[in-house]
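Asker: Everything below, folded, please.
(2 chains)
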Amino acid sequence: QQQVKQSPQSLIVQKGGISIINCAYENTAFDYFPWYQQFPGKGPALLIAIRPDVSEKKEGRFTISFNKSAKQFSLHIMDSQPGDSATYFCAASVSGSARQLTFGSGTQLTVLP
Amino acid sequence: GAGVSQSPSNKVTEKGKDVELRCDPISGHTALYWYRQRLGQGLEFLIYFQGNSAPDKSGLPSDRFSAERTGESVSTLTIQRTQQEDSAVYLCASSLIVGTVNTEAFFGQGTRLTVV
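Answerer: Numbering: from 1, shown residues only, chains lettered A, B, ... in the order given. You can find the predicted model right below:
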């Protein structure tokens, strides 16, 4: 029940295209859903996060869509750039905070120039 | 320091030896977390420290794993009698606590542990 399932495992997108990564969860107590971006040799960095009281959050080219009834959330990267090439992790936690995050398995995104 | 600092960056150890990993959190961050990241996988929660409260050890995989933190400063993660399955990147993160909410977690670059 604590799992967060992430797909796809890897994604290749042309420059300028839209990258979409999906996550699904079972635990209805989750109330904080962040996305992390990780470059090789670096720790994950918070990209964008959403709480279940909204269905969408946008920050620049990055948008989280949240479907509470389906227990799914997704990351959309508009106008994808080669610099976006990284591994992306979705995560979830209870108590609306970063405490004890449950992470997805990650998506390796490659944006071709 | 400006960010979360971990040392060493890389550690190769022989099976059966003990290792100690160090984390220097961001100054003023009362919350500190340890996660493990196996190759090609997501992060697994290990342990959480909040100020002087008893740590949440619910993620530690076995009694070979332990961690300490003195006050709101440095933390060490110790793995005794290392096994090959302990090979992974060990990540530390810290965050502020505002009211009862842990704000954004900032991660260090990790320690890559290889048990041979």
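Asker: Tally up the residues packed near the residue in chain A that chain B sits nearest to, please.
Answerer: At 3.2 Å from chain B, A:Gly43 is the closest residue in chain A, using Cβ to the nearest Cβ. From N, CA and C alone the C-beta is placed, and that goes for glycine too. Look at A:Gly43: counted by other Cβ atoms under 10 Å in any protein chain shown, it has 23 neighbours.
Asker: Could I get the pLDDT score of it?
Answerer: Note for A:Gly43: predicted pLDDT of 89.
Asker: How many neighbouring residues does the residue nearest to it when sequence neighbours are not counted have?
Answerer: Spatially, and ignoring its direct neighbours in sequence, A:Gly43 is nearest to B:Phe107 (3.2 Å; Cβ to Cβ, 6 or more residues apart in numbering or on different chains). By other Cβ under 10 Å, 23 other residues sit near B:Phe107.
Asker: B:Thr111 is in contact with the residue of chain A closest to chain B, correct?
Answerer: No - A:Gly43 is beyond contact range of B:Thr111, at 10.5 Å (criterion: Cβ atoms under 8 Å).
Asker: Contact partners for the residue of chain A closest to chain B?
Answerer: B:Val4, B:Leu91, B:Ala93, B:Phe107, B:Gly108, B:Gln109, B:Gly110 (Cβ atoms under 8 Å, 6 or more residues apart in numbering or on different chains).
Asker: Looking at those, which is nearest A:Asn27?
Answerer: Proximity of those to A:Asn27 (Cβ to Cβ) peaks at B:Ala93, which lies at 21.0 Å.
Asker: who does that closest one bridge with?
Answerer: For B:Ala93, the beta-bridge partners are B:Tyr33, B:Phe107 (DSSP bridges).
Asker: what about the residue of chain A closest to chain B, which SS state?
Answerer: Assigned state for A:Gly43: coil (three-state reduction, DSSP: H, G, I helix; E, B strand; the rest coil).
Asker: for the helix or strand harbouring A:Ala92, what is the average pLDDT?
Answerer: A:Ala92 is part of strand A:86-92, with elements assigned from DSSP states H and E. Averaging pLDDT along strand A:86-92 gives 95.
Asker: A:Pro34 contacts A:Pro44, correct?
Answerer: No - judged on Cβ under 8 Å, A:Pro34 makes no contact with A:Pro44 at a distance of 9.4 Å.
Asker: which one of the two has more residues nearby?
Answerer: More crowded of A:Pro34 and A:Pro44, by other Cβ under 10 Å: A:Pro44, with 29 against 22.
Asker: Now the more buried one. Nearest residue, chain neighbours left out?
Answerer: A:Tyr36 (3.7 Å).
Asker: Dig out what the one you found forms beta bridges with.
Answerer: A:Leu46, A:Phe89.
Asker: Tell me who's in contact with it.
Answerer: Taking Cβ under 8 Å, 6+ apart as the test, what A:Tyr36 contacts is A:Pro44, A:Ala45, A:Leu46, A:Leu47, A:Tyr88, A:Phe89, A:Cys90, A:Ala91, A:Phe103, B:Phe107.
Asker: State the next helix or strand along the chain beyond the strand holding A:Ala92.
Answerer: Next along the chain from strand A:86-92, counting by DSSP H and E, comes strand A:102-103.
Asker: Direction included, what does that next one pair up with?
Answerer: Paired strands of strand A:102-103, defined by DSSP bridges, are strand A:86-92 (antiparallel).
Asker: Would you mind pulling the contact partners of the strand it pairs with?
Answerer: If you take Cβ under 8 Å, 6+ apart as the criterion, strand A:86-92 is touched by A:4, A:6, A:21, A:23, A:25, A:27, A:30, A:32-39, A:44, A:47, A:73, A:75, A:101-104, A:106-109, B:42-43.
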